[in-house]
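[1] Following is a predicted model, sequence given first.
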Amino acid sequence: MFLNIDKQNRESVALVDNDGRRVTYGELADRMGELGARVEPRSVIFNLCRNTAGAMAGYLGFIDRGAVPLNLSDKIDRALLQTMLDTYRPAWLWVPEEEAAGFGGEVVCRLWDYALVRTGNPLYPLHEDLQFLMATSGSTGSPKLVRYKKGNLEANAKNVAIAFGWTQAERPLCDLGMQYTMGLNVINTHLFVGATVLLTTYNIMSAGFWQYMKEERATNFTGVPFSYDLFYRLRFERMDLPDLKTLSQGGGKLTSARFTQLANYAARTGRRFIASFGTTETAARMACLPAALALEKVGSIGRAIPEGELFLVDDKGSPEDAPAAEGELCYRGPNVTMGYAYTKEDLQRGDDCRGEYHTGDLARRDADGCYYITGRLSRFLKLLSYRISLDQSERLIQQAFDIECACSGTDERMNIYLTDGSKADQVVDFIAKKTGLHRSLFRVFAVPEILRNDTGKIQYRKMDARYAGAEK
Amino acid sequence: MTNSEKYDNVFCSVFEVGKDQLDGKFTFADVKSWDSLTHLTLISGLEDAFDIMFETEDILHFGGYENGKKILTKYGVEF
């Protein structure tokens, strides 16, 4: 069975959610089988996820059946969802029960808080190795998906579980969504070892989150950098959390100050702090930094997980062989996915990547073989850990408002340069809605001109220095 | 500016709503855009506006427009 769910102790609890459900491995395996039997193998299924037992059972059961789920957030922008539906024509939807009627299809069964809806779309051919689909995170209105092949998720679950030393005694608190590669990875790695996954829909700033953590005796937590900003805003170091043994981080780079703070807290209180690095294209994690090195190697993503290999290439694509070097970070391993899809016909494509992925991130390797992310080759930001394409944001704004526009920024904020400042408010409203992110993460600058070089390329660095520099 | 006005202004700017929408039903559970980021922005905005610093328990239980006023009175803010 997928992730060996049926090989665990049937009486052990696999899933807990904050609606009060407790599901044993035995029951989960049974429900996966029943749910899977409702759908055709090789059908595409949209799973509108929230972190509850219902969404989880669908994801697991459909994969086990040989169908191909796409995990999306249940809060997904409805225009983007419509684009996805029009592009990939799924035969089935697995959605929160209260939303099922809104999709107009026939509800064929229910399980806990979820319902299975038949859309009436016909089946179409899929590549035999295709197992699962994910959107590239925070996508800006594009139907671009990552194609997972059979084996990607399980290989990563196994190797990350080994790297982190997870056992069935763990009780991870999972607030990162299962439609998000890091969130899904935390869940998969723990199910793989027979642990008890604590799913939650509470947000960190609510009393419910911390009460749930204490009552369910969570032993580990994985956050993105923003999660830890919130933790510190709540002065979490003063909280009494006796069961919490491991803090882990992924989904973007922590500041050195925050990294050091977490490493110190862990060292002082006998806990572990484990930084890690992953992407949707590699079925989540590629690397992590052993807890024992956290204080010594602040800011490092560590070394490759078992069965994986990190390496650096120069700007011509040749490997950098020196022990200490800098270049584009690349990865080889069994968790590298097959490539992208932009249309439903792309779901017939085979493996474009052949086990090797070039991340687009610049990295440095130290003499001990530990890696540090230093910058980025491609033009995207990670706002609140959501990957936002600057080029696509520019295009969306240009098309919607018919104005000149340039987008740049940092992982804290996107800078939007407009030659027509009168549209500033509308543009922020628009892009906040398109990305699903809060207005405060976008700053508009009205500028006399968009600076370009002789070949017409926008000079982003020059614009940042001239117009946004004073703000930093 | 009165304390009520200051308080309302922070809510209006964080949640992008008009004053007419601020009432007893404006709570964490009912407002879709009330997530961890808007919560954080709200708390920081109120701390700046009233020159106070919230205790963790009060940040976690700051669950609505009306209930927030009660919490603020603990910090000497009169409405």
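    Arrived safely, thanks for sending. Residues are numbered from 1 along each chain as shown, chains lettered A, B, ... in the order given.

[2] So for stretch A:398-413, what gets flagged as buried?
    By neighbour count with 16 or more other CB atoms under 10 Å in any protein chain shown, stretch A:398-413 contains the buried residues A:Glu404, A:Cys405, A:Ala406, A:Cys407, A:Ser408, A:Gly409, A:Asp411, A:Arg413. C-beta: built from backbone N, CA, C; applies to glycine.

[3] And stretch A:304-312, by the same measure?
    Here stretch A:304-312 shows A:Ala304, A:Ile305, A:Gly308, A:Leu310, A:Phe311, A:Leu312 as buried, counting by 16+ other CB under 10 Å.

[4] so who does the first one touch?
    Each residue near A:Ala304 by CB atoms under 8 Å, 6 or more residues apart in numbering or on different chains is listed here: A:Met286, A:Ala287, A:Leu310, A:Tyr331, A:Gly333.

[5] partner residues bridging the third one?
    Beta-bridge pairing for A:Leu310 (DSSP bridges): A:Tyr331.

[6] contacting residues for A:Ala367?
    A:Pro323, A:Ala324.

[7] Which of the helices or strands spans it?
    Counting by DSSP states H and E, there is no helix or strand that carries A:Ala367.

[8] So it versus A:Lys297, what's the distance?
    Noted for A:Ala367: a distance of 11 Å to A:Lys297, by CB to CB, to the nearest Å.

[9] can you check B:Asp23 too?
    Between B:Asp23 and A:Lys297 the distance is 52 Å, computed by CB to CB.

[10] Show me which of those two is the more surrounded one.
    A:Lys297 (20 against 11; other CB atoms under 10 Å in any protein chain shown).

[11] any idea how far that one lies from A:Ile373?
    13 Å.

[12] Over to A:Ala161?
    Separation of A:Ala161 from A:Ile373 (CB to CB) stands at 24 Å.

[13] Give me the more crowded residue out of these two.
    With neighbours defined as other CB under 10 Å, A:Ala161 and A:Ile373 compare such that A:Ala161 has more, 21 against 18.

[14] if we can go back for a sec, among the buried residues of stretch A:398-413, which are in helices?
    In helices, judged by DSSP state H, none of the buried residues of stretch A:398-413 are found.

[15] Chain B: which of these is nearest?
    When the buried residues of stretch A:398-413 are compared for distance to chain B (CB to the nearest CB), A:Arg413 wins out at 12.7 Å.

[16] need the contact list for that closest one.
    Contacts of A:Arg413 (CB under 8 Å, 6+ apart): A:Leu383, A:Leu441, A:Phe442, A:Arg443.

[17] Mind doing that once more with 6 Å?
    Counting by CB atoms under 6 Å, 6 or more residues apart in numbering or on different chains, A:Arg413 touches A:Leu441, A:Arg443.

[18] Tell me how far it lies from A:Asp429.
    Plainly put, A:Arg413 is 16 Å away from A:Asp429 if you go by CB to CB.

[19] same check, this time on A:Val44
    As judged by CB to CB, A:Val44 and A:Asp429 stand 33 Å apart.

[20] Comparing the two, which shows the higher neighbour count?
    Using other CB under 10 Å, the more surrounded residue of A:Val44 and A:Asp429 is A:Val44, with 24 against 14.

[21] Correct me if wrong: that one contacts A:Gly66.
    No: look at A:Val44 against A:Gly66 with CB atoms under 6 Å: they stay out of range, at 11.9 Å.

[22] Nearest to A:Ala29 among the buried residues of stretch A:304-312?
    Set against A:Ala29, the nearest of the buried residues of stretch A:304-312 by CB to CB is A:Ile305 (26.9 Å).

[23] how near is that closest one to A:Cys330?
    A:Ile305 is 15 Å from A:Cys330, where distance means CB to CB.

[24] do B:Asp58 as well
    Taken as CB to CB, the span from B:Asp58 to A:Cys330 is 48 Å.

[25] So which residues on chain B come close to chain A?
    With CB under 6 Å from any CB of the partner chain as the criterion, chain B meets chain A at residues B:Asp35, B:Ser36, B:Leu37, B:His39, B:Thr41, B:Thr56, B:Leu60, B:His61.

[26] So which of those residues sit within helices?
    Among the residues of chain B next to chain A, the members found in helices (DSSP H) are B:Ser36, B:Leu37, B:His39, B:Thr41, B:Thr56, B:Leu60.
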